[in-house]
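K.L.:
generate coordinates for the sequence data below:
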Amino acid sequence: MLVIAAFACSAIGIQAPAAAAETWPEKPVTLVVPYSAGGPTDVVARMLAIPMAKSLGQPVVVENTVGAGGTIAPARVARAAPNGYTILIHHMGMATAPALYKKLPYDPLKDFEYIGQVLDVPMTLLSRKDFPANNLQELLSYVKANKDKVSLANAGIGAVSQLCGLLFTSQIGVDLTTVPYKGAGPALNDLMGGQVDLLCDQTTQTVPVIKDGNRVKVFGVTTPKRLPSLPDLPTLDEQGLKGFDVRVWHGVYAPKGTPKPVIDKLNVALRAALQDDMVKRRIAELSSEIVPMDKVTPEALRTHLASEVEKWGKVIRAAGIQGE
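P.N.:
Numbers count the residues shown, from 1 in each chain. Alright, predicted model coming up:
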């Protein structure tokens with residue numbers, strides 16, 4: 001009888017995770033963002049949260065966990081219980097971190113389950129509104145003549161804005177004074193306030209400011225094609241910075257060991273959110289592109305992340321960039 005009882009308990013234990021996955025979710029899901037409120041990744045997360053919640057039948061709560069170049073949030077999610085209640089949205093910083101940090105407290109390729117890719121976001125090169133240049137050629141002339149006086153903001157070590165700025169300065173052959181912030185939101189606020197001179201930032205944050213027409217100057221788009229929402233704004237490539245191409249991809253992750261049925265439900269919710277009319281309209285307004293649905297899968301995100309880790313690792317090591 002004891003043997004039978006033990007076997008029965010073991011069988012119950014095996015079935016418990018599956019049963020829990022069937023009823024999941026039974027409480028709110030926390031979507032962790034590595035950057036500050038109001039920043040580009042935060043904007044994307046809050047767009048997705050409402051339709052994802054509708055699909056899941058539970059609230060999706062966006063939580064900003066800021067610091068250490070966007071590495072605190074992934075470390076937190078990697079350590080979280082693998083039950084699907086704590087998930088992560090991150091941009092290409094997930095791929096650049098291994099090359100930037102010698103003691104990274106997580107492995108992007110080993111410590112997560114993958115839910116799916118989300119969207120690609122172009123960037124724009126901006127200056128404070130009273131900067132003494134009105135187009136890219138004037139900007140380049142001024143920067144080369146006054147490089148010691150020009151400041152270039154970014155959202156922190158390893159942020160996409162830093163990588164975009166690095167590509168810009170390396171392509172024009174000038175080193176500028178960089179000013180790191182704890183997120184793109186604060187960096188843009190200080191640019192608009194005149195505290196810094198230049199910033200390369202994602203369209204999810206900059207398009208509304210550019211369309212306002214009174215708070216910044218804009219010198220170009222970082223992708224080879226012009227933006228549908230800003231058709232009169234030329235690309236940096238067509239203005240002479242040949243081959244300049246920086247776009248930001250995003251993905252959604254869960255802790256390693258999260259049950260497959262839970263990952264499947266999260267994937268369904270993500271796909272539903274990306275097909276929501278409000279989300280599609282809002283993303284188009286911000287000049288971003290939802291990835292094709294065949295990329296909104298765990299397998300596609302895993303493959304893309306591995307490729308990007310290799311690609312950016314070479315770029316970062318060649319530039320000699322190192323996070324603290």
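K.L.:
okay, helices next: where are they in the chain?
P.N.:
In the chain, the segments counted as helices under DSSP state H are 2-23, 40-56, 72-79, 93-100, 136-145, 160-172, 184-192, 203-212, 260-274, 277-285, 298-319.
K.L.:
going by mean pLDDT, which of the ones you listed comes out lowest?
P.N.:
Among the helices of the chain, helix 2-23 carries the lowest mean pLDDT, at a mean of 54.
K.L.:
got CSV for the helices of the chain, with mean neighbour count and distance to Glu238 too?
P.N.:
The way it works is simple: take the backbone N, C-alpha and C, and place the C-beta from them, glycine included. Output for those, formatted as CSV (neighbours: other CB atoms under 10 Å; distance: least, CB to CB, whole Å):
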stretch, mean neighbour count, distance to Glu238
helix 2-23, 10, 51
helix 40-56, 22, 24
helix 72-79, 20, 36
helix 93-100, 24, 27
helix 136-145, 16, 10
helix 160-172, 21, 14
helix 184-192, 23, 24
helix 203-212, 20, 17
helix 260-274, 20, 30
helix 277-285, 14, 22
helix 298-319, 16, 23
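K.L.:
now render the ones you listed as CSV, adding distance to Asp245.
P.N.:
As requested, those are exported to CSV (distance: least, CB to CB, whole Å):
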stretch, distance to Asp245
helix 2-23, 41
helix 40-56, 18
helix 72-79, 26
helix 93-100, 16
helix 136-145, 16
helix 160-172, 9
helix 184-192, 20
helix 203-212, 14
helix 260-274, 24
helix 277-285, 20
helix 298-319, 12
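K.L.:
mind checking which of the ones you listed is nearest Leu152?
P.N.:
Distance to Leu152, taken as CB to CB, is lowest for helix 160-172 among the helices of the chain, at 5.0 Å.
K.L.:
how big is the angle separating the closest one from helix 298-319?
P.N.:
50 degrees (axes from the mean of the first three to the mean of the last three CA atoms, to 10 degrees).
K.L.:
touching helix 160-172 from outside, list them.
P.N.:
By CB atoms under 8 Å, 6 or more residues apart in numbering, the surrounding residues in contact with helix 160-172 are 91-93, 96, 123, 125, 140, 143-144, 152-156, 175-176, 178, 180, 184, 187, 198-202, 222, 236, 241, 244, 246, 248, 312, 315, 319, 321.
K.L.:
just the buried ones from the residues you listed?
P.N.:
Using 16 or more other CB atoms under 10 Å as the burial test, the contacts of helix 160-172 include 91-93, 96, 123, 125, 140, 143, 152-156, 176, 178, 180, 184, 187, 198-202, 222, 236, 241, 244, 246, 248, 312, 321 as buried.
K.L.:
of the helices of the chain, which is nearest Tyr253?
P.N.:
Set against Tyr253 and scored by CB to CB, those come closest in helix 72-79, at 6.6 Å.
K.L.:
got a list of contacts for the closest one?
P.N.:
For helix 72-79, using CB under 8 Å, 6+ apart, the contacting residues are 32-34, 65-66, 86-88, 90, 94, 97, 105-106, 108, 111-112, 253-256.
K.L.:
okay, now the sheet partners of the longest strand belonging to the chain, with direction.
P.N.:
Taking DSSP state E as the criterion, the chain has its longest strand at strand 112-128. Note on strand 112-128: by DSSP bridges, its sheet partners are strand 198-202 (antiparallel), strand 216-221 (antiparallel), strand 247-255 (antiparallel), strand 289-290 (antiparallel).
K.L.:
ranking those by burial, who's on top?
P.N.:
For those, average neighbour numbers computed from mean count of other CB atoms under 10 Å are highest in strand 198-202, which has a mean of 30.
K.L.:
can I get the CA coordinates of it in CSV?
P.N.:
C-alpha atoms of strand 198-202 as CSV (Å, rounded to 0.1, in the frame of the first residue of the first chain):
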residue,chain,number,x,y,z
LEU,A,198,22.5,65.7,-30.1
LEU,A,199,20.6,62.5,-29.7
CYS,A,200,19.9,59.5,-31.9
ASP,A,201,16.6,58.0,-30.8
GLN,A,202,13.8,55.7,-31.8
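K.L.:
before we move on, the earlier item: between the longest strand of the chain and helix 136-145, how many degrees?
P.N.:
Using the same axes, to 10 degrees, strand 112-128 lies at 90 degrees relative to helix 136-145.
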